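Novice: sharing a model prediction with you, sequence too.
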Amino acid sequence: MINEPNEQAAHKSDIFALIWSIAMPGLGHLYLGNKIIGILFIAYTGIFMIFSELNNAIFYAFAGDFQKANSIFAESPSIFFPAVYSFAIWHAYNYDVIVRKGRSSEYKLTGFFFGLLIGGVPGSSQQFLGTYIFTGLVVGIISGILFHLVEKLIVTQLKKS
């Protein structure tokens, strides 16, 4: 019984945990067997989506009704959701690598998700791509890529010294 989590860890994928968390914060944690954190992320996301009407704003943005999407988004606290979203994805991915598989020195994609957070939150307050949602996603992804490249550069330099 005590060895069960380690045996299960070998059969779980950090990539699937990442994908499930992209679909909905908390699902990656449930996939990995971390029920408490998974349920907390799902509950937070569900409550947030209901009270912020973020799903409606996303629907209108993808339907091309930017004015309606922006009016919903501007009136809600949705600007802070990228922080929770990016942390949930990062944590599910790294929970598998670090906690379940015991490789504590192998944090992965930290720069990307930190950049997604740093770019996504302020990007969500602008609408130069038509809507707050698209601007937040694009700025978040671009800054995530940049932060990932900086992280790789730093890690490479640290390994050389």
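Specialist: Received it, and whenever you're ready, just let me know what you need. Residues are numbered from 1 along each chain as shown.
Novice: quick check: longest helix in this structure by residues?
Specialist: helix 132-160 (DSSP state H).
Novice: mind listing the helices for this structure?
Specialist: Applying DSSP H to the chain gives helices spanning 4-9, 14-23, 27-32, 35-52, 54-63, 66-74, 81-94, 110-123, 132-160.
Novice: would TSV of these with mean neighbour count be doable?
Specialist: Where C-beta positions appear, they are placed from N, C-alpha and C, glycine not excepted. As requested, those are exported to TSV (neighbours: other C-beta atoms under 10 Å):
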stretch	mean neighbour count
helix 4-9	12
helix 14-23	19
helix 27-32	23
helix 35-52	15
helix 54-63	17
helix 66-74	18
helix 81-94	22
helix 110-123	22
helix 132-160	16
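Novice: dump those helices to JSON lines, plus mean pLDDT.
Specialist: JSON lines is the format used below for these (pLDDT from 0 to 100):
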{"stretch": "helix 4-9", "mean pLDDT": "49"}
{"stretch": "helix 14-23", "mean pLDDT": "87"}
{"stretch": "helix 27-32", "mean pLDDT": "91"}
{"stretch": "helix 35-52", "mean pLDDT": "89"}
{"stretch": "helix 54-63", "mean pLDDT": "85"}
{"stretch": "helix 66-74", "mean pLDDT": "81"}
{"stretch": "helix 81-94", "mean pLDDT": "82"}
{"stretch": "helix 110-123", "mean pLDDT": "76"}
{"stretch": "helix 132-160", "mean pLDDT": "82"}
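Novice: now the angle between helix 66-74 and the longest helix of the chain, please.
Specialist: In terms of direction (axes from the mean of the first three to the mean of the last three C-alpha atoms, to 10 degrees), helix 132-160 departs from helix 66-74 by 60 degrees.
Novice: output the contacting helices and strands for helix 132-160.
Specialist: Using 3 or more C-beta pairs under 8 Å, 6 or more residues apart in numbering; DSSP states H and E, the elements in contact with helix 132-160 are helix 54-63, helix 66-74, helix 81-94, helix 110-123.
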